[in-house]
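I'll drop the sequence and a predicted model, then ask my questions.
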Amino acid sequence: MRRFEDKVVIVTGAGSGMGKATAERFASEGAKVVLVGRHADKLESVAAGLPSERVLVQQCDVSHEAQVDAMVQKTVETFGRLDVLVNNAGVHAEGDVENTSAEDWRKVMATDVDGVFFASRAALPHLKTAKGSIVNVASVSGTGGDWGMAAYNAAKGAVVNLTRAMALDHGKDGVRVNSVCPSLTRTDMTEEMMSDQALLAKFNERFALQGPAEAEDIAPVIAFLASDDARFVTGVNLPVDGGISASNGQPAQ
């Protein structure tokens, strides 16, 4: 498929995991891709596998407003337009409210919520011109609670409802806004969890499909939501979770 021929796509958190897989998916469908992240070496490694004439590397911390504004401006200066924004950059911190430090709380909120806000605000004037779309990477942790992940739950819950709000506000502008809500996915962020076989066994009791997901399982869904195939889809927070959210929470029989 070449659904994104001559389209310009920004992917934040593009240096690894879902961001890397998503950037590669868009590039494979003809897009010009802007790789955004804090670590230049990781971004350059991803860029090396993409067509050089269709890739732009932008070292940027999405929690910093001025950096985000400059990144979007550089994108438009380089490629002349912007069609899709994928807000993927994210961090997490473990702990309940009582045991989460103010520093960890602010770190999670700054990247996972402020970053989505800053990037969306900077991109919207250009997306309105292109009649483009935003795809946020939320989480099943934004649609239901976890034990010991208060900051992450709060942040992803904010992204879920911000997705709905932006869809309502900007549909009249021709801009669609959706999110994907993955469950446990094999990425750098979950590397420690992947080594815990007892934990993985507990997750697999909840998956209808054998899990965990790979980053390449999430990227095609992001591409679908951004494409014209989803032209009448907006305000959706789509679980990509192997069937976990199909359960009412009772144990398997």
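Here it is on my side, so go on. Numbering: from 1, shown residues only.

what about the helices in the stretch 151-253 of the chain?
Ranges of helices in the stretch 151-253 of the chain, per DSSP state H, counting those that start in this stretch, are 191-194, 197-206, 215-226.

just the ones you listed: most buried one?
Of all those, helix 215-226 carries the top mean neighbour count, a mean of 22, counting by mean count of other Cβ atoms under 10 Å. All C-beta atoms are positioned from the backbone trio N, CA, C, and that covers glycine.

in PDB, list the C-alpha atoms belonging to that helix.
The C-alpha trace of helix 215-226 is given here as PDB (Å, rounded to 0.1, in the frame of the first residue of the first chain):
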ATOM      1  CA  ALA A 215       5.600  -2.900  18.300                       C
ATOM      2  CA  GLU A 216       4.900  -4.000  14.800                       C
ATOM      3  CA  ASP A 217       1.400  -5.100  16.000                       C
ATOM      4  CA  ILE A 218       0.600  -1.500  17.000                       C
ATOM      5  CA  ALA A 219       2.100   0.400  14.000                       C
ATOM      6  CA  PRO A 220      -0.400  -0.800  11.300                       C
ATOM      7  CA  VAL A 221      -3.300   0.300  13.500                       C
ATOM      8  CA  ILE A 222      -1.800   3.800  13.900                       C
ATOM      9  CA  ALA A 223      -1.400   3.900  10.100                       C
ATOM     10  CA  PHE A 224      -5.000   2.900   9.500                       C
ATOM     11  CA  LEU A 225      -6.300   5.600  11.800                       C
ATOM     12  CA  ALA A 226      -4.200   8.200  10.100                       C
END
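
and it, what does it pack against?
If contacts are counted by 3 or more Cβ pairs under 8 Å, 6 or more residues apart in numbering; DSSP states H and E, helix 215-226 sits against helix 17-28, strand 84-87, strand 133-137, strand 176-182, strand 185-186, strand 237-240.

please repeat the previous calculation with a cut-off of 6 Å.
When contacts are defined as 3 or more Cβ pairs under 6 Å, 6 or more residues apart in numbering; DSSP states H and E, helix 215-226 packs onto helix 17-28, strand 133-137, strand 176-182.

state the mean pLDDT of the second one.
Within the predicted structure, the mean pLDDT of strand 133-137 is 98.

picking up where we left off before, nearest to Ala138, of the helices of the stretch 151-253 of the chain?
Across those, Ala138 has its closest neighbour in helix 215-226 (11.3 Å, Cβ to Cβ).

and that closest one, what's its mean pLDDT?
For helix 215-226, the mean per-residue pLDDT is 98.

sweet, I'm off.
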